[in-house]
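*Asks:* Fold the stuff below for me.
(chains A and B)
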Amino acid sequence: DSGVTQTPKHLITATGQRVTLRCSPRSGDLSVYWYQQSLDQGLQFLIQYYNGEERAKGNILERFSAQQFPDLHSELNLSSLELGDSALYFCASGNTDTQYFGPGTRLTVL
Amino acid sequence: GENVEQHPSTLSVQEGDSAVIKCTYSDSASNYFPWYKQELGKRPQLIIDIRSNVGEKKDQRIAVTLNKTAKHFSLHITETQPEDSAVYFCAASNPSGGSYIPTFGRGTSLIVHP
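*Replies:* Model prediction:
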C-alpha cells in the first residue's frame, strides 16, 4: 500500500458524459500528479499540482481539468467523454523526485 | 524534451535465471531514474531508483546501474521467481522548474516460467 488513495476504483459511463476522479495523497506530500494509461500503452503524464497550484502540464486534453484543494486532495474532471478516453487513470504523490502511485481508477466509456 | 527508450519489450526467462532490462535517455540534465513494477490492473510500484551521483545500487535480488556518459541505465534481477512476472517501466526525470516530471519507457513484459 503506497498511502495514496483513489476513488472510485471503477467507472462506467457513456460518451458525452462528465466524470470526476478523486485522489488523496500520502500524508505530508504536497504534489499530486495525474497519469493516463491506455491499453498496451505506457504512462502518459497529464498534470501536476503542488500545494494547491498547477505546477506542470503534460498531454492533457482541453476537455480535461484538475484542481487541488486546501486539504491537498485532488480531482480530475473529464468531460465530453469519448470512447478513446477509456483507460486507467493514476494519481501519484510526492515531494521531490520520488513518486508513489495510487491504485488507479479504471474508466470505461461505452 | 526527454526521450526514454526501453528494451526489450518482452522478456521470457526460466525461474532462477537472471533478467536484464535496458533503458536509454536523451536529456543530460536528467538526474533521477526510478524503476516501477506493474502487475496486471494494479498500480505501478516503485522497486528501486538511482540518482546520477552513483553508478550502481542494489536491493536484495534487484540492482540498477547507471552510465551517465552513455546515457543508459539498466535493471538487473537475479534468481528470478514466477512472482517477478510483471511489466517493468523505467523513467528519467530532472528538476525542471522545481517539477520532477518523469518520462517513462514503454515497458518490458517479464515472464518467468516455473
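*Asks:* Up against chain A, what does chain B have?
*Replies:* Proximity of chain B to chain A, by Cβ under 8 Å from any Cβ of the partner chain, involves residues B:32, B:34, B:36, B:41-46, B:49, B:51, B:89, B:93, B:95, B:97-107. In short, each C-beta sits where N, CA and C put it, glycine included.
*Asks:* switch to 7 Å and redo it
*Replies:* Counting by Cβ under 7 Å from any Cβ of the partner chain, the residues of chain B close to chain A are B:32, B:34, B:43-44, B:46, B:49, B:89, B:93, B:99-101, B:104-107.
*Asks:* Of those, which belong to strands?
*Replies:* Per DSSP state E, strands hold the following members of the residues of chain B next to chain A: B:Tyr32, B:Pro34, B:Leu46, B:Asp49, B:Phe89, B:Ser99, B:Tyr100, B:Phe104.
*Asks:* can you map out the strands along chain A?
*Replies:* Under DSSP E, chain A gives strands at A:5-7, A:10-13, A:19-24, A:31-37, A:44-50, A:53-57, A:64-68, A:74-78, A:87-94, A:100-101, A:105-109.
*Asks:* TSV please, covering these and showing distance to B:Ile62, mean neighbour count and mean pLDDT.
*Replies:* Below are the strands of chain A laid out as TSV (distance: least, Cβ to Cβ, whole Å; neighbours: other Cβ atoms under 10 Å in any protein chain shown; pLDDT from 0 to 100):
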stretch	distance to B:Ile62	mean neighbour count	mean pLDDT
strand A:5-7	26	16	97
strand A:10-13	32	14	97
strand A:19-24	28	20	98
strand A:31-37	23	25	96
strand A:44-50	25	21	94
strand A:53-57	29	14	93
strand A:64-68	33	19	97
strand A:74-78	31	21	98
strand A:87-94	21	24	96
strand A:100-101	18	21	96
strand A:105-109	28	18	97
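*Asks:* would TSV of these with distance to B:Lys57 be doable?
*Replies:* Output for the strands of chain A, formatted as TSV (distance: least, Cβ to Cβ, whole Å):
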stretch	distance to B:Lys57
strand A:5-7	29
strand A:10-13	37
strand A:19-24	29
strand A:31-37	23
strand A:44-50	24
strand A:53-57	27
strand A:64-68	32
strand A:74-78	31
strand A:87-94	19
strand A:100-101	18
strand A:105-109	32
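*Asks:* quick one: which of those strands is nearest B:Gln60?
*Replies:* strand A:100-101 (19.9 Å; Cβ to Cβ).
*Asks:* is any part of the closest one close to chain B?
*Replies:* Yes: with Cβ under 7 Å from any Cβ as the criterion, chain B is reached by strand A:100-101 at A:Tyr100, A:Phe101.
*Asks:* I'd like to know how far the most centrally placed residue in chain A sits from A:Thr98.
*Replies:* What sits nearest the mean C-alpha location of chain A, by Cα atoms, centre = their mean, is A:Trp34, with 3.7 Å. Separation of A:Trp34 from A:Thr98 (Cβ to Cβ, to the nearest Å): 17 Å.
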